[in-house]
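Undergrad: Okay, sequence plus prediction incoming.
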Amino acid sequence: CGLALERSIEGLEATRNSLETQQKFAKRLDETSTYFYEKAKKAMMDGNEEEARKYLMERESMQEKLKKALMGCAEEKKRLETMEKNVVVLEERATEMESLLQRTVGAKAFQDT
């Protein structure tokens, strides 16, 4: 049970790190999308429709990537929640086993006296 708990905690930490990385990536995509939108607005104000269209196409591409990244974040978050529940269950089992072991050792010591 101890080894399983240790591995579960390591897996939980790796999943937490993965989620954090995906969230940072999604934030960068969102910022880039906003950047292209602002560039498109400026190009339109300057009367350059072709350049504005180019920036809007780039923005659309970033938004598609952002959607995928956010879906990945949602999946990773579900995985993280499941792993957190599993770790709690393993911790409870480890505590129960430790308690049982202590009672067994105590009973054996009592018998030997």
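TA: Structure received. Being a predicted model, the structure only gives us computed values, none of them experimental.
Undergrad: Could you pull up phi and psi at Asp46?
TA: Backbone geometry at Asp46, expressed as degrees, to the nearest 10, gives phi -80, psi 0.
Undergrad: Just the pLDDT at it, thanks.
TA: Model confidence at Asp46, given as pLDDT, is 97.
Undergrad: Just the helices from the protein, written as ranges.
TA: 2-45, 49-112 (DSSP state H).
Undergrad: how about these in CSV, adding mean neighbour count?
TA: No exception for glycine: its C-beta is placed from N, CA and C like everyone else's. Converted to CSV, the helices of the chain look like this (neighbours: other CB atoms under 10 Å):
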stretch, mean neighbour count
helix 2-45, 14
helix 49-112, 13
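Undergrad: Where does pLDDT dip in this structure?
TA: Within the chain, the stretches with pLDDT under 70 are 1, 113.
Undergrad: Pick out the residue nearest the middle of this protein.
TA: Leu19 (2.0 Å; CA atoms, centre = their mean).
Undergrad: Could you report the distance from Ala107 to Ala94?
TA: For Ala107, the distance to Ala94 equals 20 Å [CB to CB, to the nearest Å].
Undergrad: C-alpha coordinates for stretch 68-80, CSV please?
TA: C-alpha atoms of stretch 68-80 as CSV (Å, rounded to 0.1, in the frame of the first residue of the first chain):
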residue,chain,number,x,y,z
LYS,A,68,-7.9,22.7,-28.1
ALA,A,69,-5.7,23.8,-25.3
LEU,A,70,-8.7,24.6,-23.1
MET,A,71,-10.2,21.2,-23.8
GLY,A,72,-6.9,19.6,-22.8
CYS,A,73,-6.9,21.6,-19.6
ALA,A,74,-10.5,20.4,-18.8
GLU,A,75,-9.5,16.8,-19.4
GLU,A,76,-6.3,17.2,-17.3
LYS,A,77,-8.3,18.8,-14.5
LYS,A,78,-10.8,15.9,-14.5
ARG,A,79,-7.8,13.5,-14.4
LEU,A,80,-6.3,15.5,-11.5
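Undergrad: Residue numbering should commence at 7 henceforth.
TA: Done: numbering now begins at 7, and the last item shifts to stretch 74-86.
Undergrad: Distance from the chain centre to that stretch, please.
TA: Here stretch 74-86 is found 6 Å from its chain centre; the criterion is CA atoms, centre = their mean, to the nearest Å.
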